[in-house]
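**Q** I'll drop the sequence and a predicted model, then ask my questions.
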Amino acid sequence: MRTAEPDRKMVELFKKELVLCKVGPGQTVGILSEGNSARDYALGFIQAAKELGADPIDVNLPSHNDKSANERLANLADNALVGNRQAIERLKTTDLVIDLIFLLFSKEQIEIESGGARVLLVVEPLEILERLMPTEDQHRRVQLSEELLKNASQLRFTNAAGTDVLYELGKARLLPEYGFADTPGRWDHWPGGFLSTYAVGDIRGKVVMAPGDILYPFKEFVKDPIEFTVMDGMIQSIDGGESAQKLQSYMENYDDPRAFAVSHIGWGLNEKCEWRVDFPGVGMDGRAYYGNVLFSTGPNTEFGGDNDTACHLDLPMKNCSLWLDGDLILRDGEFTIPELRASRSAT
């Protein structure tokens with residue numbers, strides 16, 4: 001039976017992204033999928049790579065589960081590549097891996113990257129990939145933010161709800177997500193538009209989420225204030241009403257004290273994102289929203305740490321102020337450094 005041709009609009013969009021990832025003649029692109037999940041994307045990337053003169057390798061694993069990308073984000077220890085040495089070794093020989101199964105924070109992804117392969121996560125619906133397509137202006141601002149974070153030793157952020165927390169940054173790895181993987185060993189997520197780092201030293205203070213902030217992976221707005229008391233890099237208590245109780249129960253259900261560790265911290269730079277929770281997909285609009293602060297809990301393996309707990313929460317917050325070594329970067333959700341402000345006409 002003849003395989004249906006991939007959608008032409010999809011192929012052209014994927015070609016545009018692969019060009020940003022520096023794919024061309026002589027490059028090998030491993031397309032990682034499982035079963036029939038995201039099979040249209042897999043075929044689209046295969047065709048796009050061929051048309052750019054690259055050599056696509058279709059790594060289609062047996063179906064592991066039928067969970068959505070957002071559900072997989074709630075259990076990061078589980079992926080179809082676990083224990084599959086043949087597939088892992090094959091992917092390590094490629095220049096670029098298109099991850100359609102959600103390897104984020106996995107040992108398998110880290111091993112693939114360590115061999116020099118770059119990895120691009122693609123799990124969002126096509127309309128979101130198109131609307132949030134990376135731009136050179138976004139790339140520039142993410143890289144500038146990376147330089148600021150790289151040279152900082154302390155990060156502090158506050159908000160009107162009562163947040164005041166200090167991160168001793170040390171020299172942890174940074175994750176600048178500008179939406180394409182263009183250098184050896186680099187991981188990125190299309191669409192991107194934010195960056196984060198991890199505190200090697202202490203984290204202490206209070207984080208208070210206000211009504212209207214976002215809870216991922218629930219994809220819900222906070223209904224009433226949630227107060228986290230943080231000491232020695234761990235959440236000591238979660239106080240508040242219905243939203244706080246739901247979060248506490250969710251984390252306790254993992255039966256893993258490491259679920260209460262504070263993980264990465266950073267800010268959003270994608271001016272095309274919308275502060276909504278009703279879009280399909282994993283919620284990149286909230287995570288990369290322009291001027292947000294993204295407070296996260298759980299695993300830190302992407303930053304060189306050893307916490308591989310399956311419980312990961314991303315908690316984007318609006319209207320925060322943020323300092324690096326006492327220098328103000330964000331004031332109530334607005335960038336104070338002109339070079340970090342989006343050029344609304346940039347493409």
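**A** Nice, thanks for sending it over. Numbers count the residues shown, from 1 in each chain.
**Q** what about Pro316, how many neighbours?
**A** Neighbour count of Pro316, defined by other C-beta atoms under 10 Å: 26. Where you see a C-beta, it was placed from the backbone N, CA and C, and this is true even at glycine.
**Q** How about Ile228, nearest residue that isn't a chain neighbour?
**A** That one is not Ile; residue 228 is Phe. In this structure, Phe228 finds its nearest non-sequential neighbour in Val207, 4.4 Å apart by C-beta to C-beta, 6 or more residues apart in numbering.
**Q** strand partners of the helix or strand hosting that neighbour, parallel vs antiparallel please.
**A** If you go by DSSP states H and E, Val207 is part of strand 203-209. Sheet pairing for strand 203-209, assigned by DSSP bridges, gives strand 164-168 (antiparallel), strand 226-231 (antiparallel).
**Q** For the shortest one, the averaged confidence score.
**A** If you average the pLDDT over strand 164-168, you get 97.
**Q** Give me the buried stretch members for it, please.
**A** For strand 164-168, burial by neighbour count (16 or more other C-beta atoms under 10 Å) applies to 165-167.
**Q** Please apply the same query to the longest one.
**A** Within strand 226-231, the residues that count as buried by 16+ other C-beta under 10 Å are 226-230.
**Q** May I see the buried residues of the helix ranked longest in the chain?
**A** Secondary structure of the chain per DSSP state H: the longest helix is helix 136-150. Within helix 136-150, the residues that count as buried by 16+ other C-beta under 10 Å are 137-142, 144-146, 148-149.
**Q** now swap in stretch 195-209 and tell me
**A** Buried positions in stretch 195-209, judged by neighbour count with 16+ other C-beta under 10 Å: 195-200, 203-209.
**Q** Among those, which one sits closest to Asn300?
**A** Nearest to Asn300, judged by C-beta to C-beta, of the buried residues of stretch 195-209 is Tyr198 at 5.2 Å.
**Q** could you list every residue that touches the nearest residue to that closest one once chain neighbours are set aside?
**A** Excluding its sequence neighbours, the residue lying closest to Tyr198 (C-beta to C-beta, 6+ apart) is Phe303, at 3.6 Å. Counting by C-beta atoms under 8 Å, 6 or more residues apart in numbering, Phe303 touches 172-175, 197-198, 264.
**Q** try it again with 6 Å
**A** Contacts for Phe303 (C-beta atoms under 6 Å, 6 or more residues apart in numbering) come out as 172-173, 198.
**Q** ok, those residues vs Val19, which is closest?
**A** Nearest to Val19 among those, counting by C-beta to C-beta, is Arg173 at 26.8 Å.
**Q** Just give the number of residues close to the closest residue to Leu81 other than its chain neighbours.
**A** Excluding the flanking residues, the one nearest Leu81 by C-beta to C-beta, 6+ apart is Glu108, at 4.4 Å. Other residues near Glu108 come to 20 when the count uses other C-beta under 10 Å.
**Q** Glu108 falls within a helix, correct?
**A** Yes: per DSSP: H, G, I helix; E, B strand; the rest coil, Glu108 lies within a helix segment.
**Q** What separation is there between it and Ile88?
**A** To Ile88, Glu108 is 6 Å away according to C-beta to C-beta, to the nearest Å.
**Q** to the chain's geometric centre, what's the distance from stretch 106-114?
**A** Relative to the chain's own centre, stretch 106-114 is displaced by 16 Å; criterion: C-alpha atoms, centre = their mean, to the nearest Å.
**Q** Just the buried positions in it, please.
**A** So, applying 16+ other C-beta under 10 Å, buried residues of stretch 106-114: 106, 108-110, 112-113.
**Q** ditto for stretch 300-320
**A** 300-303, 305, 307-320.
**Q** Now the element after the helix or strand bottoming out on mean pLDDT in the chain, going C-ward?
**A** Lowest on mean pLDDT, DSSP states H and E among the helices and strands of the chain sits helix 69-73, with a mean of 55. The first helix or strand that comes after helix 69-73 along the chain, using DSSP H and E, is helix 85-92.
**Q** Thanks a lot, see you next time.
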